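Trainee: Test case, fold it:
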Amino acid sequence: MRKIILILSVLLSVSVFAQQEPLFTQYYNNDMGINPAVSGSKTYNSLNMQTRQQWLGFEGAPLSTNINYHGALNNRSAMGGYLMFDKANPSLQANLQLNYAYHVPLNYDKVNLSFGIGAKLMYYNLDFKAEDLPPGIDPAYSASSYDNTIGDASAGTYLYGRNFYLGFSASNLLQSTFSTAFGLSPVSNKLFRNYYTMGAYRFSIMNRDWQLEPSFLLRKMQLHSNLTDITTRIIYLDDTWTGLTYRTNGTLVFGFGFVANKVHISYTYDHTFAGEIMQYTHGTHEIGLSLKIQTQASQRHIGFWDY
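Mentor: Presented below is the predicted three-dimensional model:
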């Protein structure tokens, strides 16, 4: 039953697969992947890896991995990029994106405004086998296999200072299109635009060692319901944290993070209380690893919560 539900969900999404962008819960650790203007905004160069196992308990359920790096080139310019894989049997998607950002210091309490653009190359493969198909599905699908590579672009702005940030970005600006044969019929595909707004404010509680950080991420996706993540994290010495996230599709997330041997480790567990599919799963797990690499160029300006 679980496999049938998963295969049917893939079949139903074939004609609109390109609208989907993999969802990562730890947006506060993957902000550069959402907004190219974040590139180089830290007081260090950032190397991150995230992996997300969705719908634990389903054979062939979505598994997403993201590796990204960004840092300053000089006083104003920065670059970044990410490589992302998303596997949901029988489909595979891979994205490679390179970003450029330009930072403008504002004459108010060390606030900065940055503008960023990104160029993306996306590869998509779909390969059905006869044994993967549930009963009643046209056997023509078992002979269906195709792959495509297309390009697109993203852009964003990012306002940030010592204890806050606010950003807006859009992906798939070119809305690239292509068509392919699937089963016995041609299928038209299109990269629909996605819009993101994110923000956070961090303030001390008790003393400077402890901070409280409320944050949010709003995703506006064409032909899909909008999603908003509302997160509150308690942070100790900028390295150890725990928090909760509520997502407006009925998902509750628990997470924590800490440092071990200079490696920042984070973990979140998602549990969705809505939808028929959730009675067959054991939630979603996401693990993140990150390194903060100090360079002279990256320390040119104030960073989030740095005095």
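
Trainee: Tell me, how many residues neighbour residue 169?
Mentor: 22 (other C-beta atoms under 10 Å). No exception for glycine: its C-beta is placed from N, CA and C like everyone else's.

Trainee: Below-threshold pLDDT in the protein: ranges please.
Mentor: 1-20, 128-145, 179-188, 275-280, 299-307 (pLDDT under 70).

Trainee: and residue 31, how far is that from residue 127?
Mentor: The gap separating residue 31 from residue 127 is 33 Å, by C-beta to C-beta, to the nearest Å.

Trainee: out of those two, which sits in the busier spot?
Mentor: Taking neighbours as other C-beta under 10 Å, residue 31 and residue 127 compare with residue 31 leading, 29 against 13.

Trainee: which phi and psi does the more buried one have?
Mentor: phi -70, psi -30 (degrees, to the nearest 10).

Trainee: my guess is residue 78 meets residue 115, correct?
Mentor: No - assessed by C-beta atoms under 8 Å, residue 78 is found out of contact with residue 115, at 10.8 Å.

Trainee: can I assume residue 33 sits in a helix?
Mentor: Yes - Residue 33 forms part of a helix when assessed by DSSP: H, G, I helix; E, B strand; the rest coil.

Trainee: check contacts around the closest residue to it other than its chain neighbours.
Mentor: Closest residue to residue 33 apart from its sequence neighbours, by C-beta to C-beta, 6 or more residues apart in numbering: residue 82 at 5.0 Å. For residue 82, the contacting residues are 32, 33, 66, 67, 68, 69, 95, 96, 97, by C-beta atoms under 8 Å, 6 or more residues apart in numbering.

Trainee: can we see that at 7 Å?
Mentor: 33, 66, 67, 68, 97 (C-beta atoms under 7 Å, 6 or more residues apart in numbering).

Trainee: and which of these is nearest residue 266?
Mentor: When the contacts of residue 82 are compared for distance to residue 266 (C-beta to C-beta), residue 66 wins out at 12.9 Å.

Trainee: and the closest one, what element?
Mentor: strand 63-72 (DSSP states H and E).

Trainee: got the contact list for that strand?
Mentor: 22, 24, 30, 32-33, 39-40, 45-53, 78-87, 99, 295, 297-298, 300.

Trainee: Mark which of those are buried, thanks.
Mentor: Among these, those classed as buried by 16 or more other C-beta atoms under 10 Å are 22, 24, 30, 32-33, 39-40, 45-46, 48-53, 78-82, 84-87, 99, 298, 300.

Trainee: out of those residues, which are inside strands?
Mentor: 45-46, 48-53, 78-82, 84-87, 99 (DSSP state E).

Trainee: Residue 100: neighbour count?
Mentor: Using other C-beta under 10 Å as the criterion, the residues surrounding residue 100 number 19.

Trainee: what does residue 126 give?
Mentor: The number of residues packed near residue 126 is 20, by other C-beta under 10 Å.

Trainee: Confirm for me that it is in contact with residue 88.
Mentor: No - Residue 126 lies out of contact with residue 88 (C-beta atoms under 7 Å); the separation is 10.1 Å.

Trainee: so who does the nearest residue to residue 28 once chain neighbours are set aside touch?
Mentor: Of all residues not flanking residue 28 in the chain, residue 215 sits nearest, at 5.9 Å (C-beta to C-beta, 6+ apart). Shown in contact with residue 215 (C-beta under 7 Å, 6+ apart): 28, 199, 200, 231.

Trainee: Out of these, flag the one nearest to residue 244.
Mentor: Closest to residue 244, out of all of the contacts of residue 215 and judged by C-beta to C-beta, is residue 231, at 7.2 Å.

Trainee: How much space separates the closest one from residue 57?
Mentor: 25 Å.

Trainee: Which of those two has more residues huddled nearby?
Mentor: Neighbours per residue (other C-beta under 10 Å) separate residue 231 from residue 57, with residue 231 holding more: 22 against 10.

Trainee: need the helices for the chain, in chain order.
Mentor: Listed in chain order, the helices found in the chain under DSSP state H are 2-13, 31-34.

Trainee: List the contacts of the shortest one.
Mentor: Right, helix 31-34. Counting by C-beta under 7 Å, 6+ apart, 27, 38, 39, 66, 68, 70, 80, 82, 99, 169, 196, 198 sit against helix 31-34.

Trainee: how close does the first one get to residue 107?
Mentor: Meaning residue 27. Taken as C-beta to C-beta, the span from residue 27 to residue 107 is 30 Å.

Trainee: Over to the third one?
Mentor: With the distance defined as C-beta to C-beta, residue 39 ends up 23 Å from residue 107.

Trainee: sorry, back to before: nearest to residue 254 among the contacts of helix 31-34?
Mentor: Out of these, the member with the shortest distance to residue 254 (by C-beta to C-beta) is residue 27, at 15.5 Å.

Trainee: Cool, thanks, talk later.
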